[in-house]
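[1] sequence and predicted structure, then a few things I'm wondering about:
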Amino acid sequence: MSAPDGSPVGAERSIGQLFASATTEMSALVHDEIALAKAQLKQDVKRGATSGGLFTVGAAVLVFSLPMLSFALAYGIQAWTGGHNGEGGWNLGWCFLLSFAANVLLALLLFAVGAVFAKKAKKGKGPQKVAASFKESAGVLQNAKPHPRPVTAGDRVPESIEAVARSSS
């Protein structure tokens, strides 16, 4: 059995070898995390595209069924005003005009609700809030200083390593 860098397990390795091994493993971990994020993002985009396509088809079916609704409404108005029992009821032209007016009123209502949502979306600062929060966190981490901890006898570094550390700095 051997360590990731090829040296036998249990063998004394230098600090440089340990650091190189840790750096290699950290790099591989970061690359794997990036690959995972890409795969998840690709899957989310695929699901979003499928969802958007299905919503579009549903909206198209609804749009093409609106004339049937208008006809049904017009004939319903005529029947409601007495046209169903042979007494004539309202003129069919007026019934279609009322059906059109009802559709226009519904469209205006939907436009008004859409305008309210558009104003709210314009005022929203979702990405800006996230960016500001991220910058704030980065600023806090940049100013963070390690807290000194008391040195115990078990924490002491051998003098030979301490001498090397002093000479290299």
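    Looks like it came in fine. Note that the structure is a prediction, hence the values are computed from the model and not measured. Numbering: from 1, shown residues only.
[2] tell me the pLDDT of Trp94.
    Trp94 carries a pLDDT value of 90.
[3] so which helix or strand takes in it?
    Trp94 belongs to helix 92-123 when assigned by DSSP states H and E.
[4] and that helix, which residues are buried?
    95-96, 98-99 (16 or more other CB atoms under 10 Å). Glycine gets a C-beta too; all of them are placed from N, C-alpha and C.
[5] hey, what's the angle from whichever strand or helix holds Ala22 to helix 92-123? Just curious.
    Assigned by DSSP H and E, Ala22 falls within helix 15-80. Angle, helix 15-80 to helix 92-123, by axes from the mean of the first three to the mean of the last three CA atoms, to 10 degrees: 160 degrees.
[6] which other helices and strands contact helix 15-80?
    Using 3 or more CB pairs under 8 Å, 6 or more residues apart in numbering; DSSP states H and E, the elements in contact with helix 15-80 are helix 92-123.
[7] one more pass at 10 Å, please.
    helix 92-123, helix 159-168 (3 or more CB pairs under 10 Å, 6 or more residues apart in numbering; DSSP states H and E).
[8] show me the shaky parts of the protein.
    By pLDDT under 70, the low-scoring segments of the chain are 1-11, 85-86, 124-134, 137-169.
[9] what do you get if the cut-off is 50, keeping everything else the same?
    Where the chain drops to pLDDT under 50, the residues are 1, 168-169.
[10] what sits against Leu97?
    For Leu97, the contacting residues are 74, 77, 90-91, by CB atoms under 10 Å, 6 or more residues apart in numbering.
[11] go with 7 Å
    Contacts for Leu97 were tallied using CB atoms under 7 Å, 6 or more residues apart in numbering; there are none.
[12] can you report how many residues neighbour Tyr75?
    Neighbourhood size, Tyr75 [other CB atoms under 10 Å]: 16.
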